[in-house]
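Enquirer: Sequence first, predicted model second:
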Amino acid sequence: MNCADLEILLCDYVDGTLRGEQKIAVESHLAECAACAEFARDAAGAVAFMERAAVVEPPAELLTRILFELPSARHTQSRSAWTRFKARWIDPVLQPRFAMGMAMTVLSFAMLGRLAGIEIRQLKPSDLDPVKVWITVEDRAVRSWGRAVKYYESMRLVYDVQTRMSEWNEQAEAQRKADSERKTKQEPRR
């Protein structure tokens, strides 16, 4: 048994519920390992300390207060229309997970807008004119398409240049090889 196995079985050993071979294995490990033996003594001391604590009885009215505070217990009471509306529509919106989700959504849209080049400023009624919005969107789309085509054409040109350069290098290497072979054939043998 190693120290990690002992830590797993230590609670059962201290409680006295460990039986058979496992108990013998734990006791033999505790006899051999000083660190684990000290750890077991500390655990047994902590359990003994907790057992000395007095049992606390809850107050009699605690159960009544808990039942009164439960949401299902409140449904039996009559509520005003405003309270029902608030409980149904406003309270869920005020939950932290919903508020955080909305904040992350706003942040995401702000980041996407910033990435797309949309400048943030105060909106004017003229900004919401559908014709202007359409023209702006179309202009940006045309410019983006133009940039993409230019990038593609540039990459095609670069690829063509690299291909030709590698072909020329291969031809030059083959020419050098052929020249060196011809030179070795033309040299007189001794």
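Expert: Received it, and whenever you're ready, just let me know what you need.
Enquirer: So the residue positioned nearest the centre of the chain: helix, strand or coil?
Expert: The residue lying closest to the centre of the chain (C-alpha atoms, centre = their mean) is M104, at 14.3 Å. The three-state assignment at M104 reads helix, by DSSP: H, G, I helix; E, B strand; the rest coil.
Enquirer: Could you measure from it over to L94?
Expert: Counting by C-beta to C-beta, to the nearest Å, the separation of M104 from L94 is 16 Å. In short, each C-beta sits where N, CA and C put it, glycine included.
Enquirer: do the same with I24
Expert: Relative to L94, and taking C-beta to C-beta, I24 is found at 59 Å.
Enquirer: Next: P58.
Expert: For P58 relative to L94 (C-beta to C-beta), the value is 32 Å.
Enquirer: sorry, back to before: compare I24 and L94 and say which is more crowded by neighbours.
Expert: Higher neighbour count among I24 and L94: I24, with 12 against 9, using other C-beta atoms under 10 Å.
Enquirer: For the host helix or strand of that one, the averaged confidence score.
Expert: I24 belongs to helix 20-32 when elements are defined using DSSP states H and E. On average, the pLDDT along helix 20-32 is 90.
Enquirer: Stretch 43-60 too?
Expert: If you average the pLDDT over stretch 43-60, you get 84.
Enquirer: which residues of this protein score low on pLDDT?
Expert: Applying pLDDT under 70 to the chain flags the ranges 71-79, 188-190.
Enquirer: C-terminal to the host helix or strand of M100, what's the next element?
Expert: Using DSSP H and E, M100 sits in helix 96-116. Counting by DSSP H and E, the next helix or strand C-terminal to helix 96-116 is helix 130-186.
Enquirer: Give me the neighbour count for V161.
Expert: As a burial measure, V161 scores 10 neighbours (other C-beta under 10 Å).
Enquirer: Quick check: the gap between it and W134.
Expert: With distances taken as C-beta to C-beta, V161 is found 41 Å from W134.
Enquirer: Domain-wise, how is this structure divided?
Expert: According to automatic domain parsing, the chain comprises the domains 3-52, 124-190.
Enquirer: show me the contacts for Y13.
Expert: For Y13, the contact set (C-beta atoms under 8 Å, 6 or more residues apart in numbering) comprises K23, V26, A40.
Enquirer: and the last one, what is it in contact with?
Expert: Contact analysis of A40 by C-beta under 8 Å, 6+ apart lists L6, L10, Y13, V14, L30.
Enquirer: same thing with the second one?
Expert: Contacts of V26 were listed using C-beta under 8 Å, 6+ apart, and they are M1, L6, L9, L10, Y13, L18.
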